[in-house]
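Novice: next come a sequence and a model predicted from it.
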Amino acid sequence: MANTSDLPAVVIPFYNRDKVIPPEPQEKQTFHARCHCGNVEFDLTIPTAILPLNAYICSCSSCRYTRGALCSLHVALPQTISPEWTNGRINVSVHKSPGSGAGGHGQRLFCPTCGVRVGLFEPRMAQWVVSTSLFRDTTAGPLFWSVTCFGFYKSPRDGGLLSWLPDGVGGKPLHLGTVPYDFPPDEALSIRPDGTEWLCVACFCGGVAFEIPRPAEAVRGDPHMARCVAPPLEKDNDEDKGEGKGKWKWKAYMDFGGDSWALSGAQGMPWVQVPRAVLSPAVPTTLEFGTVKTYKVSSTLTTGFCEYCGARVFLRDEEEGKKEADKGTEVLNVALGLLRAPEGAKAEDWVVWRAGRPEGVEEGKRFDGEFVDAMAEGMRRWGLDRYGEALEFDIV
């Protein structure tokens, strides 16, 4: 177990080691956590004197590829606080990163039914670390966390989520921290015999893997599939504007709505829209292949996640599926955090971001207004710089 005096200074706020719990008696507040399906539920009882706790964003490759998001968002609980399981059981799946050594280090817990990330117990720190997106009871009063830290900020190579938070969160700059170990991703493009480029999409464990091409003429010429092709951008022809000049790209967007919030483990989910018919190898209409397990989010939404490592893979609108599946033109939301783009986590050589109008902003602000406001404004400013305008195109 690490003592605070033994820790690098940068780590202390990440693990809330700067929070001193006062002696009893003390005023406390209880917060309820629940995965999307309700299979995993627990309470946290926290002294109000140490609130809010610091929450941290992590954009290491394992967090991105075990979620399908651009990051994870966690709160490390003080050492004397742990989850109080409230539904009579602890029913979680466990994924352990290869090479993480003996014991609990490198283990990540998620719900085996809906795939929602629960968190982990970090034995080296003797602390529980929980996903903030499990806490969605807006009647419980103020949040018990504030996003103050950002870890592994160099891992995405293109800034990742940090490029959308230039001023931090809530007007406060973020504490940046990283360590010299990360899982090196495999990010080489596949070049077919005809010279076409294909981009790998894969979860952390590799149980789910497929490739997407660029939007071909057949896609651009189809009235329905063309709706997920990004509009051409003049800025892509500027030599100083990065990757992807003169290439057709797919539409990408951030979704802060309630379902994406709950499913992501990151308080917001990045999606890229791609027709199912172009994926290789072919993805069945059930979405179940490799280690994909499906979960019915609602009467109109189905999601797919890796049942081994928990990565979110797909989100499908069932009305969209019914109308278009037989014609082979069904459009899927693919978890953008799984794209293995060589240029960086935001995959700018392959997608155009709807930076001016993220999805579900007002709903997301009910859960964490500071974070969502900062993200929406940061994306708008980034879009103005990157594209010359904050794009607001429609999505399928």
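Specialist: Structure received.

Novice: where does pLDDT dip in the stretch 51-200 of the chain?
Specialist: Low-confidence segments of the stretch 51-200 of the chain (pLDDT under 70): 98-106, 138-142, 180-185.

Novice: now do the stretch 251-396 of the chain
Specialist: 321, 324-326.

Novice: in it, which spans are helices?
Specialist: 258-264, 318-324, 361-387 (DSSP state H, counting those that start in this stretch).

Novice: with distance to L174 as added columns, please give these in a markdown table.
Specialist: In this view, the C-beta of every residue, glycine as well, is placed from N, C-alpha and C. Listed next are the helices of the stretch 251-396 of the chain as a markdown table, based on distance: least, Cβ to Cβ, whole Å:
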| stretch | distance to L174 |
| --- | --- |
| helix 258-264 | 19 |
| helix 318-324 | 37 |
| helix 361-387 | 10 |
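
Novice: could you identify which of these is most buried?
Specialist: helix 258-264 (a mean of 23; mean count of other Cβ atoms under 10 Å).

Novice: got the CA positions of that helix in PDB?
Specialist: Output in PDB follows, covering the C-alpha atoms of helix 258-264 (Å, rounded to 0.1, in the frame of the first residue of the first chain):
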ATOM      1  CA  GLY A 258     -28.600   9.800 -21.000                       C
ATOM      2  CA  ASP A 259     -28.100   6.500 -22.700                       C
ATOM      3  CA  SER A 260     -24.700   7.200 -24.200                       C
ATOM      4  CA  TRP A 261     -23.700   8.800 -20.800                       C
ATOM      5  CA  ALA A 262     -24.700   5.700 -18.900                       C
ATOM      6  CA  LEU A 263     -23.200   3.300 -21.300                       C
ATOM      7  CA  SER A 264     -19.800   5.000 -21.900                       C
END
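
Novice: list the helices and strands that helix packs on?
Specialist: Judged by 3 or more Cβ pairs under 8 Å, 6 or more residues apart in numbering; DSSP states H and E, helix 258-264 is in contact with strand 269-275, strand 312-317, helix 361-387.

Novice: of those, which is nearest F210?
Specialist: Nearest of the helices and strands packed on helix 258-264 to F210, taken as Cβ to Cβ: strand 312-317 at 9.2 Å.

Novice: what's the spacing between the closest one and its chain's center?
Specialist: 13 Å (Cα atoms, centre = their mean, to the nearest Å).

Novice: do the same with stretch 196-215
Specialist: For stretch 196-215, the distance to the chain centre is 17 Å (Cα atoms, centre = their mean).

Novice: quick one: which of the helices of the stretch 251-396 of the chain is nearest L77?
Specialist: Here helix 361-387 is closest among those (Cβ to Cβ), at 17.7 Å.

Novice: and the closest one, what does it pack against?
Specialist: Here helix 361-387 touches strand 145-151, helix 258-264, strand 351-353, going by 3+ Cβ pairs under 8 Å, 6+ apart.

Novice: in stretch 263-279, which residues are buried?
Specialist: Neighbour-count burial for stretch 263-279 flags 263-279 (criterion: 16 or more other Cβ atoms under 10 Å).

Novice: for G265, give me its contacts.
Specialist: Listed by Cβ atoms under 8 Å, 6 or more residues apart in numbering, the contact partners of G265 are R67, A69, S72, L73, F110, V116, R117, S131, S133.

Novice: excluding chain neighbours, what is closest to the first one?
Specialist: Just to be clear, that refers to R67. In this structure, R67 finds its nearest non-sequential neighbour in G265, 5.2 Å apart by Cβ to Cβ, 6 or more residues apart in numbering.

Novice: any chance of the backbone angles for that neighbour?
Specialist: Reported as degrees, to the nearest 10, the phi and psi values for G265 are phi 70, psi 10.

Novice: JSON lines for the helices and strands packed on helix 258-264, including distance to P193?
Specialist: Below are those laid out as JSON lines (distance: least, Cβ to Cβ, whole Å):
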{"stretch": "strand 269-275", "distance to P193": "22"}
{"stretch": "strand 312-317", "distance to P193": "28"}
{"stretch": "helix 361-387", "distance to P193": "34"}
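
Novice: nearest to G206, out of those?
Specialist: Comparing the helices and strands packed on helix 258-264 against G206 with Cβ to Cβ, the closest turns out to be strand 312-317 (12.5 Å).

Novice: who does the closest one pair with, and is each partner parallel or antiparallel?
Specialist: For strand 312-317, the paired strands and their directions (DSSP bridges) read strand 301-306 (antiparallel), strand 331-335 (antiparallel).

Novice: okay, these in JSON lines with mean neighbour count and distance to P25 next?
Specialist: Shown next, in JSON lines, are those (neighbours: other Cβ atoms under 10 Å; distance: least, Cβ to Cβ, whole Å):
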{"stretch": "strand 301-306", "mean neighbour count": "25", "distance to P25": "44"}
{"stretch": "strand 331-335", "mean neighbour count": "26", "distance to P25": "46"}
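
Novice: nearest to E363, out of the ones you listed?
Specialist: Closest among the strands paired with strand 312-317, using Cβ to Cβ: strand 301-306, at 14.3 Å.

Novice: just the C-alphas of the closest one, formatted as CSV.
Specialist: Taking C-alpha atoms only, strand 301-306 is exported to CSV below (Å, rounded to 0.1, in the frame of the first residue of the first chain):
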residue,chain,number,x,y,z
LEU,A,301,-31.9,1.2,-29.3
THR,A,302,-29.6,-1.9,-29.2
THR,A,303,-26.0,-1.8,-28.2
GLY,A,304,-23.2,-4.3,-28.7
PHE,A,305,-20.1,-4.7,-26.4
CYS,A,306,-17.3,-7.1,-26.0
